[in-house]
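J.: need coordinates for the below:
(2 chains)
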There are 2 protein chains.
Amino acid sequence: MSALASHLAPHAGVLAALDASLADVARVFDDQLRSPLAPVQNLVEHVERYRGKMLRPMLVLLSGMAAAADRTAASPDQLRTLITRQHLVVAATVEMVHMATLVHDDVLDEADVRRKGLTVNKLHGNEPAVILGDYLIASAYHLCATLPEVGPSRAIGRAAVLTASGELLQLHNRGNLDLSEATYFEIIRGKTAELIATACRLGADASGADESRVLAMTEFGLAIGSAFQIQDDILDLLGDQAVVGKSLGKDIEKGKLTLPVIRYLASRAPEQRAAARERLAPLCSTGASPEHLAAFVRDVVSSGAVASAQATAASLIARAKEQLRTLPASAARDALSSLADAVLERSS
Amino acid sequence: MSALASHLAPHAGVLAALDASLADVARVFDDQLRSPLAPVQNLVEHVERYRGKMLRPMLVLLSGMAAAADRTAASPDQLRTLITRQHLVVAATVEMVHMATLVHDDVLDEADVRRKGLTVNKLHGNEPAVILGDYLIASAYHLCATLPEVGPSRAIGRAAVLTASGELLQLHNRGNLDLSEATYFEIIRGKTAELIATACRLGADASGADESRVLAMTEFGLAIGSAFQIQDDILDLLGDQAVVGKSLGKDIEKGKLTLPVIRYLASRAPEQRAAARERLAPLCSTGASPEHLAAFVRDVVSSGAVASAQATAASLIARAKEQLRTLPASAARDALSSLADAVLERSS
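T.: Reported below is the predicted structural model:
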């Protein structure tokens, strides 16, 4: 059971239906990626181990169950009957698009380790890793286009355009110590929240949910997606290296300003702000002194900027849970609410 | 007029219809890529200059005209009425997928120049270049999925999976001096011919052509696509640097064995083959001696292996032109035949 799924333990019936459907999603996923070419198949089997939290497939399935929960009683067997091939295909597609971005991110970050295994770029070099990412993206679209209707392909294409746009906006602002909160929120909406929102939306849509429910699930996804990224950024700043599996303060080293740092700078009086920027500038490089970085992070924390970012994430989660009121009361809806809470509590 | 289009000069009527439709394709292309984010839009405008031969859009349009030519007389105005929004969208999609592979290839090849301008990776670094490639791929799928039917999205997804598979197979065989002809043909079919075949097939399909015509155009595309790649590989070995715009023998330096080299090695007597391999091995690296490389290429040429590869390309073109007999006689069909010949004659 994944760390996120463990937050669903109180919803045993939903969890049973979800686990069974996630196994179906994994089958659809593996079937799509299988290649008759041995070198391709070897790479595919390596990245299949990257499948981690399966947050996005869980959101497709739970959104599908919750949006149609008034069409069935709440027994686990009946919940699972709400899940159609379209849900499984969309869930596998979204995870595959996400995995492609992980593979490309690892190349760009020159990362050696992903989920306790070596990255493709570390094992085989950058070239196979870039092309493998392209193979995963192409496979995702091919899979989605096996559905009889074009709607899901259109939504996935749009989400992937916005994901790449958000990443390009972030790269453009690398080293920009004047990054505004507005641009930060635009970046995280693009690079993280749009795909998560599309997962929720397409899950509801595949259940034949009406427009108001589909919209509510889209808003739910946008809010938890942004909260998820804020939490990710806080973990990068603070988390225990053993838990998140990567070294800390990497965002600062890469010149990526995140919400706590933006708020820390904004909260300084004008003279102090210039001094804080002068301290920060040399930390925005991979050769930065770990001691100076740690001291800077301590000051960000003691200023209250991390707590303030956490409060913003919490208010996004509260807003997400409000959207759930549009759906009928059900065990699946309660599970979505718990999953939203889990976003705030996760430590990896 | 592009170099390829100049081969169509004898077909003035078709060329006029084609040029008008290519301008429409360029508009669909630019409209899809436009971004409200200034940093994204700047990158997009840079790569739009990469649009070169427009071979793939030309194939979509000409296949569309030729497959339905018995539905109209041959006047240019009437030819153009055969072109629907579906043709334009498919043509722009195929070119966008192709452009994404160029952007990623430039990163992997550490190329500085593309079509006489600087590459994205040279200008902005590898990270924006990889993500820009992802943006182009996502935009291509999003565009294709604006069509009401899912068929073109499915075909494009399949072709992109096969393209990436061919590239991965090629990377896996880098430095493999025992590469067989069979594997070489499998590589070039994947990395080049499948997308070209999909362009031809979807062009005919968008004209409502029957299955036999769609199949004939698919086979036409597979044959000219493979011939195109063989010609590309010969140009890499022999061509004038000023014409092809890149240094020569790069495939050998990268450890990529192409048809002339494979045939040269195969044509040696067993003892000579071992010696030829021993000469070749140290050339498979970027630090190789230009003089030794040039001497090796001279021996490949004088062995007749280049002429043999050219003959294979010519027989593929002949096979492609036979497929055209399935279509009704028309000026558009004649233009496709000239375009097939142009593949052999091109010098860039």
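
J.: strands of chain A, start to end?
T.: Along chain A, the segments classed as strands by DSSP state E run A:113-114, A:117-118.

J.: and for the nearest residue to residue A:337 once chain neighbours are set aside, the neighbour number?
T.: Leaving aside its sequence neighbours, residue A:337 sits nearest to residue A:321 (CB to CB, 6 or more residues apart in numbering or on different chains; 5.4 Å). To be clear about C-beta, it is placed using only N, CA and C from the backbone, and glycine gets the same treatment. Neighbour count of residue A:321, defined by other CB atoms under 10 Å in any protein chain shown: 18.

J.: what pLDDT does residue A:321 get?
T.: Looking at residue A:321, its pLDDT reads 98.

J.: how near is it to chain B?
T.: 30 Å (CB to the nearest CB, to the nearest Å).

J.: any idea how far that residue lies from residue B:295?
T.: Separation of residue A:321 from residue B:295 (CB to CB, to the nearest Å) stands at 73 Å.

J.: what number of residues are in the vicinity of residue A:190?
T.: Count around residue A:190 with other CB under 10 Å applied: 23.

J.: contacts only, for the closest residue to it other than its chain neighbours.
T.: Distance criterion CB to CB, 6+ apart; nearest residue to residue A:190, sequence neighbours excluded, is residue A:166 at 2.1 Å. Residues in contact with residue A:166 (CB atoms under 8 Å, 6 or more residues apart in numbering or on different chains) are A:186-192, A:194.

J.: give me that answer again for 7 Å
T.: A:187, A:189-191 (CB atoms under 7 Å, 6 or more residues apart in numbering or on different chains).

J.: also residue A:145?
T.: Contacts of residue A:145 (CB under 7 Å, 6+ apart): A:153, B:150, B:153-154, B:157.

J.: and if you look at residue A:268?
T.: Applying CB under 7 Å, 6+ apart, we find residue A:268 in contact with residue A:276.

J.: where does it land on pLDDT?
T.: With respect to pLDDT, residue A:268 has a value of 94.

J.: and it, backbone torsions?
T.: Backbone geometry at residue A:268, expressed as degrees, to the nearest 10, gives phi -70, psi 150.

J.: what residues does the stretch 101-250 of chain A have near chain B?
T.: A:104, A:107-108, A:127-128, A:130-132, A:134-135, A:137-139, A:141-142, A:145-150, A:153-154, A:157-158, A:160-161, A:164-165, A:167-169, A:171-172 (CB under 7 Å from any CB of the partner chain).

J.: next, work out how far apart the residue nearest to residue A:225 when sequence neighbours are not counted and chain B are.
T.: Ranked by CB to CB, 6+ apart and with sequence neighbours excluded, the top spatial neighbour of residue A:225 is residue A:193, at 2.9 Å. Taking CB to the nearest CB as the measure, residue A:193 falls 16 Å from chain B.

J.: residue contacts, residue A:193?
T.: Taking CB under 7 Å, 6+ apart, we find residue A:193 in contact with A:221-222, A:225-226, A:229.

J.: how about a cut-off of 10 Å?
T.: A:159, A:162-163, A:166, A:185, A:221-229, A:316 (CB atoms under 10 Å, 6 or more residues apart in numbering or on different chains).

J.: which single one of the residues you listed is nearest to chain B?
T.: Closest approach to chain B among the contacts of residue A:193 (CB to the nearest CB): residue A:163, at 7.3 Å.

J.: isn't that closest one right up against residue B:135?
T.: Yes - applying CB atoms under 10 Å as the test, residue A:163 and residue B:135 come out as touching, 8.8 Å apart.

J.: neighbour count winner among these two?
T.: When neighbours are counted by other CB under 10 Å, residue A:163 and residue B:135 differ, and residue B:135 comes out ahead with 28 against 25.

J.: so what's the residue lying closest to the more buried one once chain neighbours are set aside up against?
T.: Ranked by CB to CB, 6+ apart and with sequence neighbours excluded, the top spatial neighbour of residue B:135 is residue A:164, at 3.8 Å. Going by CB under 10 Å, 6+ apart, residue A:164 touches A:101, A:104, A:190-191, B:35, B:40, B:130-139.

J.: quick one: residue A:164 from residue B:189, how far?
T.: To residue B:189, residue A:164 is 29 Å away according to CB to CB.

J.: repeat for residue A:253
T.: 44 Å.

J.: need phi/psi at residue A:148.
T.: The phi/psi pair for residue A:148 (degrees, to the nearest 10) is phi -70, psi -30.

J.: what about it, how many residues nearby?
T.: 9.

J.: list the contacts of the nearest residue to residue A:110 once chain neighbours are set aside.
T.: Spatial nearest neighbour of residue A:110, excluding adjacent residues (CB to CB, 6+ apart): residue A:121 at 7.3 Å. Shown in contact with residue A:121 (CB under 10 Å, 6+ apart): A:103-104, A:106-112, A:114, A:127-130, A:132-133.

J.: may I see the ChimeraX selection of the buried members of those residues?
T.: To isolate the buried ones among the contacts of residue A:121 in ChimeraX, judged by 16 or more other CB atoms under 10 Å in any protein chain shown, type:
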select /A:103,104,106,107,108,111,114,127,128,129,130,132,133
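
J.: tell me the two of the contacts of residue A:121 that are most distant?
T.: Farthest-apart pair in the contacts of residue A:121 is A:114 and A:127; separation 17.7 Å (CB to CB).

J.: which sections of the stretch 151-300 of chain A are below the confidence cut-off?
T.: For the stretch 151-300 of chain A, applying pLDDT under 70 flags the ranges A:239-247.

J.: again, only using 80
T.: By pLDDT under 80, the weakly predicted segments of the stretch 151-300 of chain A are A:239-248.

J.: and the residue of it nearest chain B?
T.: For the stretch 151-300 of chain A, CB to the nearest CB, closest residue to chain B: residue A:157, 3.1 Å.

J.: distance of that residue from residue A:141?
T.: Taking CB to CB, one finds residue A:157 at 7 Å from residue A:141.

J.: OK, contacts around residue A:221?
T.: So residue A:221 contacts A:56, A:59, A:63, A:193-204, A:228, A:320, A:323 (CB under 10 Å, 6+ apart).

J.: what about the helices in the stretch 151-300 of chain A?
T.: A:151-172, A:181-188, A:194-206, A:211-238, A:241-244, A:250-253, A:259-267, A:270-280, A:290-302 (DSSP state H, counting those that start in this stretch).

J.: can you name the residues in contact with the last one?
T.: Read it as helix A:290-302. Residues contacting helix A:290-302 (CB under 10 Å, 6+ apart): A:237-238, A:247-250, A:252-253, A:258, A:260-261, A:263-265, A:267-268, A:276, A:279-280, A:282-283, A:288-289, A:305-307, A:309.
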